[in-house]
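Prediction below, plus the sequence it came from.
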Amino acid sequence: MVNIAVLGYGTVGSGVVEVIRTNPDSINKKAGQEINVKYVLDLRDFPGDPVEKILVHDFDVILNDPDVKIVVEVMGGVEPAYTFVKKSLLAGKSVCTSNKELVAKHGPELLEIARTKELNFLFEASVGGGIPIIRPLNSSLTADEILEITGILNGTTNYILSKMSADGQEFDAALKKAQELGYAERNPEADVEGYDACRKIAILSSLAFGDHVDFEEIYTEGISKITAVDIAYAKKMNYAVKLLASSKREEDQYYAMVAPFLVPPTHPLFAVNDVFNAIFVKGNVLGDVMFYGSGAGKLPTASAVVSDVVDATKHLHRNIMSFWSSKKLGLTKVDKATRRFFVRIADASAGDPAKEPAGLAKVKAVFGEGELVRADGVTGEFGFVTQAMTEEAFHEKCGQIDGFLGRIRLL
Ligand code: HSE
């Protein structure tokens, strides 16, 4: 029997206990021995809950119990999670976590401690909820040089954008529902402003490229400026607005960014809706592969955490190698990246669909040839899709346009 302790009895923590109690026979068989939850740590009390008898409020009880071999950290946030995880590893306990903030910030250090002490620091649930992506990057896609990872990595924002597009729901109503369903972060700004996706692409990029990608150096833009009018233009063009987190390697240059994109129907990420996440990976010999599934929520995330507990149990005194070094990977500024852009331009003459908007000639003079877009029911402005150009050139040209209302990048 292997004893584990669960730190945090919130959405994911209670899910971990539920998953272990739902599928004990198959989990124990796959782990090779019985997995027993010996302690649950939380500041709160849970009267009447089955964990009441194993609930502790003091982390030292867990730390000082040599019978606890695996610590499951599902508290979220950097502190006190970092202190508890580091102490656990130093005390000879493997750690499984869903905490993307912790992994993005302290991953290399915690992996190094685990390596030195012949333990494991596992974090499958930190990216993509229930989708297996950390383990595939670490142990399946090892024949390839990874050239690109582009993903929908935040369930909350994908849920909001899908509801705005399919049901015409307002942003706030869709966010409220995502919170009720247990998808959103405690502070949903982390979802909406792209910070959560930023940490997740930093983790994936570090594993894919082998050196540490600092999340604070990733250009990050959220979906808070996306409006119903943007969605109307996207629908007219038969594109979908998606918050994408992407990293690319082009020869010896590495790019990473998080931003809303217009995704064409020909791309596999176009059809990824609601809380689902998907991660598209391009390898130099494999070509394209995509991982798809439930990206957030209690049981999908808990399923990934428990898969780590099974792996840690199978490798109790053997470190599962990871290719994430503490050497920092230099990122090239996104200004140098080339793409097409969709722009919205205010123009009082744009109401009559039979006539070309008066401002179009000026827009073409600045951006060159492109495609005029008019959305149903939208007046007083028009949309325009530029040719491919660098971000730097695009920003310089935007300054020359009167009535510039906004832009979305095209994938
Ligand atoms: N808030 C996150 C999301 C939870 O919406 O994707 C899963 O990491």
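Yep, it's here. Numbering: from 1, shown residues only.

what is the closest residue to Leu141 other than its chain neighbours paired to in the beta sheet?
Excluding its sequence neighbours, the residue lying closest to Leu141 (CB to CB, 6 or more residues apart in numbering) is Gly283, at 5.9 Å. All C-beta atoms are positioned from the backbone trio N, CA, C, and that covers glycine. Judged by DSSP bridges, the bridge partners of Gly283 are Ile146, Gly287.

ok, so what distance separates Gly283 from Ile20?
Look at Gly283 and Ile20: by CB to CB, to the nearest Å, they are 35 Å apart.

More neighbours: those two, which one.
Neighbours per residue, other CB atoms under 10 Å: of Gly283 and Ile20, the larger number sits with Ile20, 21 against 17.

who's in contact with the helix or strand that contains the more buried one?
Secondary structure assignment for Ile20, by DSSP states H and E: helix 11-22. With CB atoms under 8 Å, 6 or more residues apart in numbering as the test, helix 11-22 has contacts from 6-7, 9, 27, 35, 37, 40, 42, 50-51, 72, 74-76, 98, 125, 182, 297-299, 301-303, 305-306, 309.

what's the answer for stretch 280-288, then?
137, 141, 143-151, 208, 268-269, 289-291.

Which ones among those map onto helices?
Of the contacts of stretch 280-288, the ones assigned to helices by DSSP state H are Ala208.

which of the contacts of stretch 280-288 are close to the ligand?
Near the ligand, judged by CB under 6 Å from any ligand atom, there are no entries from the contacts of stretch 280-288.

Can you select the buried ones from the contacts of stretch 280-288 in ChimeraX?
Only the buried entries of the contacts of stretch 280-288 go into this ChimeraX selection, using 16 or more other CB atoms under 10 Å:
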select :137,141,144,146,147,148,149,150,151,208,269,291
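
So which of the contacts of stretch 280-288 sit within strands?
146-151, 289-291 (DSSP state E).

Could you pull up the contacting residues of the residue nearest the centre of the chain?
In the chain, the centroid-proximal residue (CA atoms, centre = their mean) is Leu153; its distance is 3.0 Å. With CB under 8 Å, 6+ apart as the criterion, the residues that contact Leu153 are 127-128, 196-197, 200-201, 204, 245, 277, 279, 295.

That one and Tyr233: what is the separation?
Leu153 is 24 Å from Tyr233, by CB to CB.

What of Lys364?
Using CB to CB, Lys364 is found at 18 Å from Tyr233.

Find me the pLDDT at Ala354, would you?
Ala354 is assigned 79 on the pLDDT scale.

doesn't it fall inside a helix?
No: counting by DSSP: H, G, I helix; E, B strand; the rest coil, Ala354 is not part of a helix but coil.

residues from the stretch 151-300 of the chain in reach of the ligand?
For the stretch 151-300 of the chain, the contact set with the ligand under CB under 6 Å from any ligand atom comprises 154-156, 183-185, 191, 196, 295-296.

any chance of those residues in CSV, plus distance to Ala81, neighbour count and pLDDT?
Shown next, in CSV, are these (distance: CB to CB, whole Å; neighbours: other CB atoms under 10 Å; pLDDT from 0 to 100):
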residue, distance to Ala81, neighbour count, pLDDT
Asn154, 20, 35, 98
Gly155, 21, 27, 97
Thr156, 21, 27, 97
Tyr183, 20, 28, 94
Ala184, 19, 25, 94
Glu185, 14, 19, 94
Asp191, 19, 27, 98
Asp196, 15, 29, 98
Gly295, 21, 29, 96
Ala296, 19, 28, 96
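
Which residue would be the closest one in the stretch 301-411 of the chain to the ligand?
Residue nearest to the ligand within the stretch 301-411 of the chain: Thr301 (6.3 Å; CB to the nearest ligand atom).

Let me know the next secondary structure element after the helix or strand of the chain with the lowest mean pLDDT.
Counting by mean pLDDT, DSSP states H and E, the weakest-scoring helix or strand in the chain turns out to be helix 171-180, with a mean of 93. Note on helix 171-180: by DSSP H and E, the next helix or strand toward the C-terminus is helix 189-192.

in the stretch 1-150 of the chain, which spans are helices?
Counting by DSSP state H, counting those that start in this stretch, the stretch 1-150 of the chain has helices at residues 11-22, 24-31, 59-63, 81-90, 100-116, 134-135.

average model confidence for the shortest one?
For helix 134-135, the per-residue pLDDT values average out at 98.

now do the fifth one
Helix 100-116 shows a mean pLDDT of 98.

which other residues reach it?
Counting by CB under 8 Å, 6+ apart, helix 100-116 makes contact with 73, 76-78, 81-82, 85-86, 89-90, 94-95, 97, 119-121, 123, 126-127, 196, 199-200, 202-203, 206, 212, 215, 319, 321-322, 324-326, all of which sit outside it.

and if you look at stretch 357-375?
For stretch 357-375, the external contacting residues (CB under 8 Å, 6+ apart) are 229, 232-233, 235-237, 342-343, 345, 347, 349-350, 353, 356, 382-387, 389, 397, 400-403.

Make a PyMOL selection of the buried ones in those.
Only the buried entries of these go into this PyMOL selection, using 16+ other CB under 10 Å:
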select buried, resi 229+232+233+237+342+343+345+347+350+382+383+384+385+386+389+397+401+403
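
In helices, which of the contacts of stretch 357-375 fall?
Per DSSP H, these map to helices at 229, 232-233, 235-236, 397.

and the two most separated of those residues?
With CB to CB as the measure, no two of those lie farther apart than Lys235 and Lys397, at 26.2 Å.
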